[in-house]
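In: Below are the sequence and a predicted model for it; my questions follow.
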Amino acid sequence: MRIALVQLGYDDAETMPERVERVATLVRATVDEHEPDLVVLPELWGPTGFDYRRWDDLAEPIDGPWVTAMTALAAETGVTLHAGSFIERLAETGPDARTLANTSVLVTAEGGRTAYRKIHRFGFGSGEPKLLEAGAEVVTAEIPSGTDESVTVGLSTCYDLRFPELYRQQVDAGAEIFVVPAAWPAARVAHWTLLGRARAVEDQVFVVQCNTAGTHARTDMGGHSQVIAPTGEVLAEAGADEEVLVVDLDPGLVERTRASFPVLSDRRL
Ligand SMILES: O=C(O)CCC(=O)C(=O)O
């Protein structure tokens, strides 16, 4: 299975429509050059990443222009696209009296769609917890792997990576690859790489982490997207700047790793 991670770099000058156009061009070029089965984009790259003062203006419903554009892009290029996340305007006010969510979207070339609302909100009282509803559902999806077998991916977003119990629930739901889009700051990029490896080793899965590059909202982004094998081996790691990372992986390694070192069967619940 070939996966391409688009570690997008951006600043505050580019508008959301300009960035959507640029990303579509990048995805088309990546698919033409590398023929991946799955393309992954980072968290909130459309609605300005960390600039949460603009989220309300840029929020869209799940059937709005951004998701429609990403669905069309997957159909046009014939790939499964994890489009990263956007600010979703919810149809109803949630339990925390908010009408927005940080929602990741995975679309297939055939038009199938899986959405995941970020469960752990980052900001310690400001930003996400103040403005967004928390997701309440653990989400996995079966996607094509480039062979006759499909593969099960678990969806999570950025700060979620700090909460191992979420990933154990994804394992219980059959996840073989954790896909984690992020806008993870440079200041804590060592945590990003360490926690990705930890999740891979403890859950014996592949971890695909697609971060953001550049500087926006006065925050330097950390880059260093990476793909980790179920053994903990780093299969590929990006630098700090915008970059497309392409990696081939064998989903069968999950089962082989678990069979040869069956640590998950020693869990005590
Ligand atoms: O946990 C961190 O250090 C970064 C998390 C974050 O930036 C986010 O979830 O948006």
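Out: Thanks, I have it. Residues are numbered from 1 along each chain as shown.
In: and this structure, which residues reach the ligand?
Out: Selection of the chain residues close to the ligand by C-beta under 6 Å from any ligand atom yields 122, 158-159, 162, 183-185, 188, 191. Every C-beta, even on glycine, is put in place using the N, C-alpha and C of the backbone.
In: Report the buried members of the residues you listed.
Out: By neighbour count, with 16 or more other C-beta atoms under 10 Å, those hold 122, 158-159, 183-185 as buried.
In: Can you give the distance of the lengthiest strand in the chain from its chain's centre?
Out: Using DSSP state E, we find that the single longest strand of the chain is strand 80-89. Counting by C-alpha atoms, centre = their mean, to the nearest Å, strand 80-89 is centred 8 Å from the centre of its parent chain.
In: now do stretch 248-260
Out: Remark: stretch 248-260 is offset 21 Å from the chain centroid, using C-alpha atoms, centre = their mean.
In: mean confidence score for that stretch?
Out: In this model, stretch 248-260 has a mean pLDDT of 98.
In: Next, the buried residues of that stretch.
Out: For stretch 248-260, the neighbour count (16+ other C-beta under 10 Å) marks 249, 251, 253-254, 257-258 as buried.
In: Name the helix or strand for the residue lying closest to residue 58 once chain neighbours are set aside, please.
Out: Using C-beta to C-beta, 6 or more residues apart in numbering and skipping the chain neighbours, the partner closest in space to residue 58 is residue 47 (3.8 Å). Using DSSP states H and E, residue 47 sits within no helix or strand.
In: who's in contact with residue 47?
Out: Residue 47 is in contact with 16, 54-55, 58-59, 86-87, counting by C-beta atoms under 8 Å, 6 or more residues apart in numbering.
In: where's it relative to residue 56, distance?
Out: According to C-beta to C-beta, to the nearest Å, residue 47 and residue 56 sit 10 Å apart.
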